[in-house]
Each structure stands twice: as C-alpha cells, then as structure tokens.
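Colleague: Mind looking at a prediction? Sequence and model below.
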Amino acid sequence: MTKTTRAILCGSALALLAACGDGDGGDGSGQPTAVTEAEVVERYADLLLANYRAIEDGVVDLQSAVETFVASPSAATHQAAKDAWLAARPAYQESEMARFYDGPIDDPVDGPEGQINAWPLDERYVDYVEGAPDSGIVNDPAGFPEITAEVIAGANEVGGEANVATGWHAIEFLLWGQDLSADGPGVRPFTDYVTDGSGTVANQDRRGRYLQVATALLLADVRSLIEEWEPGRPGSFRAAFRAADPADALGRIMTGMGTLSGGELAGERMSVAFETRDQEDEHSCFADNTHVDHRHNQIGIMNAYFGRFDGTDGPGIDDLLRQADPALEATLSSQLAASLAAIEAIPRPFDQAIQGTDDAPGRQAVAVAIDALFDQTDSIAAAAEALGLEISTTL
C-alpha cells in the first residue's frame, strides 16, 4: 500500500495534549532530573499491572451482567450485558501495547492472547447465522455434549484461524449476533436465551451456558496475566523483566508499541479493511465498536510512551528521548497526538467509513489515520535507534 493509501491523544485530544509534555521536572535547581532506563521499565510494569487490573474490574462487571441476563433474560438485562461488554473493552485495547515481544499474553508456548482476542470470527462456528439455523457449537449437542471452558478452549481456532470459539469476540457475537445492518450493530433478540418454551431459535440453554463459560474463561485468562505482572512473585515474568538488562526490557516495550502502531493497528486492523471494504475485516464488527478499539489501541501506545495510565504519570520513554534527541521527542509527541485525532475523526460506524470510492469522506478519513499511524511508527523506530535499541515494528 502506498503512503497515500496506507494512510491526532488530545480533545479528548486537546486535554491529553496538555499532558503530553512532562515539563522540566528537576530538583528545584531549574535543571531537569535525568530519568534512567530502569525507572522507565519499572514504571511500565506498574502501569501495565494497573491496566490489567482495570480489565479485570471490567470483566468482573461483565460476568455479573451476563449471569443476571442468562438467569432472567429480558430486553433490560440483555442491554445491561451489552453495556458491560462495551464498558470493559477499552482497558483491554489499551493493554495491547504489551503484545508482540513474547510477553505473558502472547508467549509462543502458553500465551492466552489467542483465547482472549482472536479475530476475525466465523460466526457459524459458534452459533446460528442467517440461512444456517443449526450451525455452530451451540447447536451441535452431539458433537459438543457439554459446554465447558476446556471444551471451548480446545475448539478455539481448530481447523482454521477464523474458527474462534473464545474471548471478547465470541462473547460479542453471542450478545449482538450478526451485524446485518448498514448503520447499526447486530440485533440478536434477548429471546434467543429464553428457556420457557417461548424463546426464539433453538438451544437457548446451551447458548446461555456458552455465554457464561466464555465470560468466565476470559476473566481467568486476564487474571493469569495479572499474576505474571504482580511485584514480588518469584518466577513471574515481571521478576525476569526487571532483572534483565534495562535496555533489553526497553527494547521489548518499544517493539510492542511499534508493532501495535504499524503492523497491527495501521496494517491488519485498518489497512486490510480499507483495501477489502469488507465488514468481516473490521475488529469489533458485531457491536460496531471498532472505532473504540482503534482509539484505545492508540491511547495504549501513548500510555507506554509517556509512562501514563488512568490519570497517573511517571517516568516515560518521552523523558529518555528528550534527553537523547529533544527534536525527535517533540516530533513523536506531536505525531502521537495527530494519530489519535485522526482516528477520532473517522466517521462511525467504521464498516461504513470504509465503503465507497476513495474520494468518499469516510475513506479519506481512514486513509489519513493510516498515514498518521505509519508516520508515528517510523518515528518510534527512529526513537529506538536514538536510544541505542534495536526493535521490530512489523508482524
């Protein structure tokens, strides 16, 4: 894809821009206090732990709402469960800057990322779709007599990467159903879960059980990540991360930032959908929540760079880069803000913004955001070089 087609934190953008510079800091002498790599690594571990705990809080609320909905299906309890999914999602997206360096979430041996956020999802692998009322694990009691965490985890991505059976998007589909609307999300009726004989379609009890099990598994996977980042836990990833050469740990952090920025967000999550114009290639297609996913991925990159999470600040990569190359730091800070603003300017829903000819306003806005993300990715790579680090920004 060319620069023009591969195509801003701060307004939210303006409010965050005011916080993008940490000021001089210092010891009262008017001189800035030097920040060390080790301080930045420690701050990163702290903010990531806080991020994972925020995800846990959101998924606990989601689980409570799901349990209430399955026990007493109604339009109100169904909406409450969907609202809880939407409320829990942003914190997870912000944490994805901790991927792509073989950390706990995507350790090549036992990382749970594929169970947590695999996509795109072939809906018919989980439940019925239009024209196929008997499709999916939900409607296959012979093949899947019991629906347990072990069963759906074992079925996840079996026979193809789109055979997603667990995680955020399986839950999303079970709550919203297929998105067959041009201007809104899926409209699965709550009666798909009514078990008194008046419900819609079939296997309502199995569908409810699947929703409960998938949500409980998501919570367990998030808690496994918290364990790996808690301080003082012998044998944890955090212990090894802190014991390593700070430059190596910093290189991992910047690899996560750069790969999420370029290869994943600008590439897989935006450029692919831009090129294909296919709704199936957008991230949260059932809930039409993709614009939120993109925004909070970018905020997560910025959190790692500025040493920031949930209104708290600490030593960040920006401090190190300001010490090494002030001009480059100013450029990268500006580009990060520009990318966020460009993402926020994309018309909603995202699946409609990618439609039409290339001169359509939606497609132009997406192209601008993609370009801005690739520009910031180039500067992340340049920043790593300025700090004497070798990183990757591709998948």
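Modeller: That came through fine.
Colleague: so which strand or helix has Arg238?
Modeller: Using DSSP states H and E, the secondary-structure element containing Arg238 is helix 237-243.
Colleague: Go through the following helix or strand past that helix and flag the buried ones.
Modeller: With elements assigned by DSSP H and E, the helix or strand that comes after helix 237-243 is helix 246-259. Applying a neighbour-count criterion of 16 or more other C-beta atoms under 10 Å, one finds Pro246, Ala249, Leu250, Gly251, Arg252, Ile253, Met254, Thr255, Gly256, Met257, Gly258, Thr259 buried in helix 246-259. In short, each C-beta sits where N, CA and C put it, glycine included.
Colleague: re earlier: show residues contacting the helix holding Arg238.
Modeller: For helix 237-243, the external contacting residues (C-beta atoms under 8 Å, 6 or more residues apart in numbering) are 41-42, 45, 49, 103-104, 228-231, 233, 249, 252.
Colleague: got the CA coordinates for it in CSV?
Modeller: Provided in CSV are the C-alpha atoms of helix 237-243 (Å, rounded to 0.1, in the frame of the first residue of the first chain):
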residue,chain,number,x,y,z
PHE,A,237,7.6,-12.6,34.0
ARG,A,238,7.8,-9.3,35.9
ALA,A,239,10.7,-10.6,38.0
ALA,A,240,12.6,-11.7,34.9
PHE,A,241,11.7,-8.5,33.1
ARG,A,242,13.1,-6.3,35.9
ALA,A,243,16.2,-8.5,36.3
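Colleague: Would you mark the buried spots in it?
Modeller: Residues of helix 237-243 classed as buried by neighbour count (16+ other C-beta under 10 Å): Phe237, Arg238, Ala239, Phe241.
Colleague: Now distance to Ala304 and pLDDT too, for these, in a markdown table please.
Modeller: Formatted as a markdown table, the buried residues of helix 237-243 follow (distance: C-beta to C-beta, whole Å; pLDDT from 0 to 100):
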| residue | distance to Ala304 | pLDDT |
| --- | --- | --- |
| Phe237 | 16 | 98 |
| Arg238 | 15 | 98 |
| Ala239 | 20 | 97 |
| Phe241 | 14 | 97 |
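Colleague: So which of these is the closest to Val368?
Modeller: Using C-beta to C-beta, Phe241 is the member of the buried residues of helix 237-243 that lies nearest Val368, at 36.1 Å.
Colleague: distance of that closest one from Ile317?
Modeller: The gap separating Phe241 from Ile317 is 16 Å, by C-beta to C-beta, to the nearest Å.
Colleague: For the buried residues of helix 246-259, give me a markdown table that also has pLDDT and distance to Cys285.
Modeller: What follows is the buried residues of helix 246-259, written out as a markdown table (pLDDT from 0 to 100; distance: C-beta to C-beta, whole Å):
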| residue | pLDDT | distance to Cys285 |
| --- | --- | --- |
| Pro246 | 97 | 40 |
| Ala249 | 97 | 36 |
| Leu250 | 98 | 36 |
| Gly251 | 98 | 34 |
| Arg252 | 98 | 31 |
| Ile253 | 98 | 30 |
| Met254 | 98 | 31 |
| Thr255 | 98 | 28 |
| Gly256 | 98 | 25 |
| Met257 | 98 | 26 |
| Gly258 | 98 | 26 |
| Thr259 | 98 | 23 |
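Colleague: okay, now Leu328: neighbour count?
Modeller: If you count neighbours by other C-beta atoms under 10 Å, Leu328 ends up with 17.
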